[in-house]
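Novice: Test case, fold it:
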Amino acid sequence: MYAIIVDGGRQYRVEPGMEVDVDYRDVPQGEHLTFGKVLAVSGDDGMKLGSPTVDGVTVTASVIGPKMDKKLYVQKFRRRKNSRTRTGHRQMHTRVRIEEIAGI
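Specialist: Here you go, the predicted model:
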């Protein structure tokens, strides 16, 4: 059984017990998140596709904690001007464990 959910403009294929990194939320560890935008659900009955979402289906996940992504470097270079800039960026994510897919 799996579901396809939307969070932060990205789509995730999730199954119960799976750990997923979603956009950062200031939620304490152990709390539960509910994802209501479910695009498709596959279960014992077969596949259900929504238009655009499947009505009555929610995905519940528990928060494991915040996670930092790997560091990305942005380097700007302008020729013949001795102008160089190097900055770094680390995006924060919230790691969640999918508990259940309800309403199938």
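Novice: May I have the strands that pair with the helix or strand containing Ile98, each with its orientation?
Specialist: Per DSSP states H and E, Ile98 falls inside strand 92-102. Strand 92-102 has these partner strands in its sheet, going by DSSP bridges: strand 19-23 (antiparallel), strand 58-68 (antiparallel).
Novice: Give me the residues contacting the longest one.
Specialist: Contacts to strand 58-68, defined as Cβ atoms under 8 Å, 6 or more residues apart in numbering, come from residues 3, 5, 14, 19-21, 24-25, 27-36, 38, 90-103. Quick note: C-beta positions are derived from backbone N, CA and C, even for glycine.
Novice: Send me that strand as CSV with only the CA atoms.
Specialist: What follows is strand 58-68 as a C-alpha-only set of coordinates in CSV (Å, rounded to 0.1, in the frame of the first residue of the first chain):
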residue,chain,number,x,y,z
THR,A,58,-5.2,11.4,4.8
VAL,A,59,-1.6,10.4,5.6
THR,A,60,-0.4,10.7,9.2
ALA,A,61,3.3,11.0,10.1
SER,A,62,5.2,11.5,13.3
VAL,A,63,8.1,14.0,13.5
ILE,A,64,11.6,12.5,14.0
GLY,A,65,13.3,15.9,14.1
PRO,A,66,15.0,18.6,12.1
LYS,A,67,17.7,17.7,9.6
MET,A,68,20.2,19.8,7.7
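Novice: now the strands paired with strand 92-102 as TSV including mean neighbour count and distance to Arg78?
Specialist: Formatted as TSV, the strands paired with strand 92-102 follow (neighbours: other Cβ atoms under 10 Å; distance: least, Cβ to Cβ, whole Å):
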stretch	mean neighbour count	distance to Arg78
strand 19-23	16	34
strand 58-68	16	31
